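> I'll drop the sequence and a predicted model, then ask my questions.
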There are 2 protein chains.
Amino acid sequence: MSRHSTLLAAFTAIVLALAPGFDARAEADPLPSWNDGEAKRQIVEFVASVTRSGSSTFVTPADRVAVFDNDGTLWSEHPTYFQLLFALDRMKSMAEADPALASEQPYKAVLEGDQATLAAMDPHDLLPALVKSHAGMTDREFAAQVSQWLDRSRHPKTGRPYTEMVYQPMLELLDYLRANDFRVWIVSGGGVDFVREFAFEVYGVPPEQVVGSSVEKRFEMTPDGPIFHRLPEIHSLDDKEVKPVNIKLHIGKRPILAFGNSDGDVAMLQFTESKNDPWLSLLLHHDDDGRDYSKTAGTEMALELANERNWVIVYVSKDFSVVYPTTR
Amino acid sequence: MSRHSTLLAAFTAIVLALAPGFDARAEADPLPSWNDGEAKRQIVEFVASVTRSGSSTFVTPADRVAVFDNDGTLWSEHPTYFQLLFALDRMKSMAEADPALASEQPYKAVLEGDQATLAAMDPHDLLPALVKSHAGMTDREFAAQVSQWLDRSRHPKTGRPYTEMVYQPMLELLDYLRANDFRVWIVSGGGVDFVREFAFEVYGVPPEQVVGSSVEKRFEMTPDGPIFHRLPEIHSLDDKEVKPVNIKLHIGKRPILAFGNSDGDVAMLQFTESKNDPWLSLLLHHDDDGRDYSKTAGTEMALELANERNWVIVYVSKDFSVVYPTTR
């Protein structure tokens, strides 16, 4: 910083400090889309307890690590995972171009618009076709496809871009945590390269704080620069017990706050628990009959454990006053 | 920050800004263990160019990513990789406890102190035994063994703890980069859990900025808390073309500065190159006849490419005025 700007910053700080209403930020509600209730109270109390300098529950900023699931936690996942919709659109193009594929599932159902067959398929059974749908591409081509798809596609029920199907109360929570010197990581079952295409713009989460599923890649140095080829093999499927393993690999420490919504997040929420140190595990429960466009299947174990293990259950019905951002 | 401490900080800033000699930091040499010469000049010029606000070469702090190899770049690697010495010590204990192992290589050579046989082995051929030597342990047990070994072991020639076999000029460079809002990552062929045991204390690099080789792990939640079991399979061998792949996976962006010393770093140094944006790839050349306790074998391709591709070659003989820290 130059001498001039240092002086300017110092004078500004003094003016702000002396001005009435300087503490306005502390008084304003940092979570306006959350109804007052047990969940909000526990979040605010937890953040206060770990940031209160000198207290026994104080956590140094370097250790204020918060991890968030993405599908069903930060954004919606109905009618199915949005990345799967992206892959299905890609499979449709592939099947249109290659008649040999057109008679195979899931391509046949995709081509015929056979929603019933697709809906009956377990997303995990679609995984091989999903991985194959973008194999052989370079990282750059894949990123361009994701970006284009996110720009052009609209959710079948709401007509919103998918990046506007994010939960407003969660956006506020991410900001609130960062304002309190937390670092926020996304730990998603979705593909790391898919999520990174919008994570910074939509959530304010930079690429190095996104952990997700990944495919094997091959690096090649060409006269035009480096190329990463996507190979048709999974490197890591970031779900269930693999989530804490990847948190250790990428972050190297226990998070003090974790937020998920389904059985796939149970291991991550357990890993966050501690006998002696502060921790907060939260589970988003989609009990709002469709307003939030997320599923409730595959969350039974998580709900049961939440009650047993003192996780905070966040009910969309009573804790969210607003679901989606009104303007972006 | 409280109102009181904000005021105090602001007044302190003013006093400092008005005091004569405020710019002392800018005038002091940030790299005192580097001799004045081409390498130091290029480093200082590069840092100035990417931090000069408003210039065409300015790089925003979020993109000031620097990656460093560890073995032979930040610390020594002679008589062999220090982590291999650690594993050999472990193998010796295993062979002493299990006579069936005592007749197998490399255990036999380890037990007999047969340095000639061990020296003749390619470290990569030792890999299966190395991985096996710590399989079945938990993460916590492994960390405790590394920590104990680092505390108690001494380098066979210098008698120093291994964590004092780090290059003083490189420690200064890490500090210099951080003072200029770079984030420094280690991208090591060594095990990520091994390197993390000392990276923060010795290099100031936090766990989430260490990328390395890794083994497969299994997460288990027990009544006493979470356990990570180390499995006898490699998850990622972070060497050669895998280094840029792991940089993409963990950091998600091209580094603007990379520093390595061997053929294993070539791909990472290439990935850092850019046609249109600032970049600096550096190669440490151990031409000092032993003073620096690192090898020169396995660096031929790197040296050749450095000359071809405008990487900066740092010569220990003429660029380092001091090799190791005198006090720590």
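Thanks, I have it. Numbers count the residues shown, from 1 in each chain, chains lettered A, B, ... in the order given.
> can you tell me the strand partners of the stretch of helix or strand residue A:212 belongs to and which way each runs?
In this assignment (DSSP states H and E), residue A:212 forms part of strand A:210-222. Partners of strand A:210-222 in the sheet, by DSSP bridges, are strand A:183-191 (parallel), strand A:225-236 (antiparallel).
> burial count for residue A:157?
12 (other Cβ atoms under 10 Å in any protein chain shown). For glycine as for every other residue, the C-beta is placed from the backbone atoms N, C-alpha and C.
> the residue nearest in space to the middle of chain A and residue A:150, how far apart?
Among the residues of chain A, residue A:70 comes closest to the average C-alpha position under Cα atoms, centre = their mean, at 2.5 Å. Distance, residue A:70 to residue A:150, using Cβ to Cβ, to the nearest Å: 14 Å.
> and residue A:113, by the same measure?
22 Å.
> kindly report the same for residue A:313.
Going from residue A:313 to residue A:150 by Cβ to Cβ gives 31 Å.
> rewinding a little: got the strands paired with strand A:210-222 as a markdown table, with mean pLDDT, mean neighbour count and distance to residue B:100 columns?
Supplementary listing: the strands paired with strand A:210-222 in a markdown table, determined by pLDDT from 0 to 100; neighbours: other Cβ atoms under 10 Å in any protein chain shown; distance: least, Cβ to Cβ, whole Å:
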| stretch | mean pLDDT | mean neighbour count | distance to residue B:100 |
| --- | --- | --- | --- |
| strand A:183-191 | 97 | 24 | 42 |
| strand A:225-236 | 94 | 16 | 35 |
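> quick one: the ones you listed as CSV, columns for distance to residue A:305 too.
Output for the strands paired with strand A:210-222, formatted as CSV (distance: least, Cβ to Cβ, whole Å):
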stretch, distance to residue A:305
strand A:183-191, 18
strand A:225-236, 24
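> closest to residue B:325 out of those strands?
Nearest of the strands paired with strand A:210-222 to residue B:325, taken as Cβ to Cβ: strand A:183-191 at 30.5 Å.
> convert the C-alpha atoms of the closest one to PDB, please.
C-alpha atoms of strand A:183-191 as PDB (Å, rounded to 0.1, in the frame of the first residue of the first chain):
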ATOM      1  CA  ARG A 183     -13.600 -20.200   4.800                       C
ATOM      2  CA  VAL A 184     -16.500 -21.900   2.900                       C
ATOM      3  CA  TRP A 185     -15.900 -25.000   0.900                       C
ATOM      4  CA  ILE A 186     -18.300 -26.900  -1.300                       C
ATOM      5  CA  VAL A 187     -18.000 -30.700  -1.000                       C
ATOM      6  CA  SER A 188     -20.300 -32.000  -3.700                       C
ATOM      7  CA  GLY A 189     -21.200 -35.300  -5.200                       C
ATOM      8  CA  GLY A 190     -21.400 -33.300  -8.500                       C
ATOM      9  CA  GLY A 191     -18.400 -33.000 -10.700                       C
END
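> got a list of contacts for that strand?
Strand A:183-191 is contacted from outside by A:64-71, A:74, A:81, A:83, A:174, A:177-178, A:195, A:199, A:203-205, A:209-215, A:237-239, A:243, A:246-247, A:250-251, A:255, A:264, A:268, using Cβ atoms under 8 Å, 6 or more residues apart in numbering or on different chains.
> after it comes which helix or strand?
Strand A:183-191 is succeeded, C-terminally, by helix A:192-198 (DSSP H and E).
> near chain B at all, stretch A:129-148?
Yes. Contact check for stretch A:129-148 against chain B, using Cβ under 8 Å from any Cβ of the partner chain: residues in range are residue A:139.
> what's the span of that stretch from first residue to last?
21 Å (Cα to Cα, to the nearest Å).
> which outside residues touch that stretch?
A:83-84, A:86-87, A:90-91, A:94, A:106-107, A:193-194, A:197, A:215, A:217, A:227-234, B:248.
> likewise for stretch A:55-70?
Residues outside stretch A:55-70 that contact it (Cβ under 8 Å, 6+ apart): A:49-52, A:74, A:170, A:174, A:177, A:180-190, A:195, A:212, A:247, A:251, A:253-262, A:264-265, A:268, A:272, A:277-278, B:206.
> just stretch A:92-108 next, same as before
Contacts for stretch A:92-108 (Cβ under 8 Å, 6+ apart): A:88, A:91, A:110, A:111, A:114, A:117, A:118, A:121, A:126, A:129, A:133.
> okay if I get the residues you listed as a markdown table plus neighbour count and pLDDT?
Putting the contacts of stretch A:92-108 into a markdown table (neighbours: other Cβ atoms under 10 Å in any protein chain shown; pLDDT from 0 to 100) gives the following:
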| residue | neighbour count | pLDDT |
| --- | --- | --- |
| A:88 | 19 | 90 |
| A:91 | 22 | 90 |
| A:110 | 25 | 87 |
| A:111 | 16 | 88 |
| A:114 | 14 | 84 |
| A:117 | 14 | 84 |
| A:118 | 19 | 80 |
| A:121 | 15 | 81 |
| A:126 | 20 | 79 |
| A:129 | 20 | 80 |
| A:133 | 23 | 85 |
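> which of these fall within helices?
A:88, A:91, A:110, A:111, A:117, A:118, A:129, A:133 (DSSP state H).
> so which of the residues you listed is the closest to chain B?
residue A:133 (20.1 Å; Cβ to the nearest Cβ).
> let me see the confidence value for residue A:328.
Listed pLDDT for residue A:328 reads 47.
> quick one: residue A:264 and residue A:243 touch, right?
Yes. With contact defined as Cβ atoms under 8 Å, residue A:264 counts as touching residue A:243 (7.4 Å).
> so these two - more neighbours on which side?
residue A:243 (27 against 23).
> which one is that one nearest to, not counting chain neighbours?
Excluding the flanking residues, the one nearest residue A:243 by Cβ to Cβ, 6 or more residues apart in numbering or on different chains is residue A:268, at 4.1 Å.
> state the distance from the one you found to residue A:307.
Counting by Cβ to Cβ - residue A:268 and residue A:307 are separated by 18 Å.
> also residue A:70?
Taken as Cβ to Cβ, the span from residue A:70 to residue A:307 is 24 Å.
> equivalent analysis for residue A:126, please.
On the measure of Cβ to Cβ, residue A:126 and residue A:307 end up 32 Å apart.
> quick one, strands of chain A?
Along chain A, the stretches classed as strands by DSSP state E are A:65-68, A:183-191, A:210-222, A:225-236, A:257-260, A:280-285, A:312-315.
> any idea which of these gets closest to residue B:43?
strand A:225-236 (22.9 Å).
> wait, residue A:300 touches residue A:263, no?
Yes. Using Cβ under 8 Å, residue A:300 and residue A:263 qualify as a contacting pair, with a distance of 7.1 Å.
> so these two - more neighbours on which side?
Using other Cβ under 10 Å as the criterion, residue A:300 and residue A:263 rank with residue A:263 on top: 18 against 11.
> got the contact list for residue A:201?
Taking Cβ under 8 Å, 6+ apart as the test, what residue A:201 contacts is residue A:163.
> circling back: so the residue nearest to residue A:243 sits against residue A:245, correct?
No. Contact criterion Cβ under 8 Å: residue A:268 and residue A:245 do not qualify, at 10.0 Å.
> ok, those two, which is more surrounded?
residue A:268 (27 against 23).
> ok, that one - contacts?
By Cβ under 8 Å, 6+ apart, residue A:268 lies in contact with A:67, A:69, A:187, A:243, A:244, A:247, A:255, A:258, A:260.
> ok, the fifth one to residue B:164 distance?
Distance, residue A:244 to residue B:164, by Cβ to Cβ: 34 Å.
> when the two are compared, which one has more neighbours?
Neighbour comparison, residue A:244 and residue B:164: the larger count goes to residue A:244, with 26 against 17 (by other Cβ under 10 Å).
> contact partners for that one?
A:267, A:268, A:270, A:271, B:219, B:226, B:228.
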